[in-house]
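Asks: coordinates only, no sequence provided:
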């Protein structure tokens, strides 16, 4: 009897399938197959797709570019999720089950921006400068 890994890290299969789903969703959006005013007028970047362990749920992390109201775009994508799922078939025909697609706002860029701002703050710069003089 095989034991299951105790780590919650995604398996290689989950990562590979997630990347395939990401590429397929990107193609559907780039071709303009989704007829929704909000989606058609917005450039959408899909940074990552995380698969559930059973590969039946795909959570796509998206960033609408040049738009301040991310919630409207995420809502439009989730309203059209079933249609998008249906359009993924040709690219993902090797899969036993077509995953349910969920869209979430990708906040990682905001986190990176906050870290960058902290690193550039005068307090941190002062501490870094003090560290340089102590090493000499």
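Replies: Nice, thanks for sending it over. Please read these numbers as outputs of a predicted model, since none were measured by experiment. Residues are numbered from 1 along each chain as shown.
Asks: contacts for the longest helix anywhere in the chain?
Replies: Ranked by residue count, the top helix of the chain under DSSP state H comes out as helix 12-30. Helix 12-30 has contacts (CB atoms under 8 Å, 6 or more residues apart in numbering) with 10, 34, 39, 44, 46, 48-53, 55, 58, 60, 84, 87-88, 91-92, 95, 99, 101. Every residue, glycine included, has its C-beta placed from N, CA and C.
Asks: where along the protein do the helices fall?
Replies: 12-30, 37-40, 70-79, 81-87, 108-120, 122-135.
Asks: lowest average pLDDT across these?
Replies: Ranked by mean pLDDT, those end with helix 122-135 at the bottom, a mean of 70.
Asks: how far away is residue 30 from residue 39?
Replies: Applying CB to CB, to the nearest Å, the value for residue 30 to residue 39 is 11 Å.
Asks: the two: which has the busier surroundings?
Replies: Taking other CB atoms under 10 Å, residue 30 and residue 39 do not tie; residue 39 has more neighbours (20 against 10).
Asks: spatially nearest residue to that one, not counting backbone neighbours?
Replies: Nearest non-adjacent residue to residue 39, counting by CB to CB, 6 or more residues apart in numbering: residue 76, 5.2 Å away.
Asks: relative to residue 121, how far out is residue 30?
Replies: 39 Å.
Asks: to clarify, my last question referred to residue 90.
Replies: Taking CB to CB, one finds residue 90 at 50 Å from residue 121.
Asks: on that earlier part again, give the buried residues for the longest helix of the chain.
Replies: 14, 17-18, 20-22, 24-26, 28-29 (16 or more other CB atoms under 10 Å).
Asks: repeat that for stretch 84-101.
Replies: For stretch 84-101, by 16+ other CB under 10 Å, it's 84-85, 87-88, 91-92, 98-99, 101.
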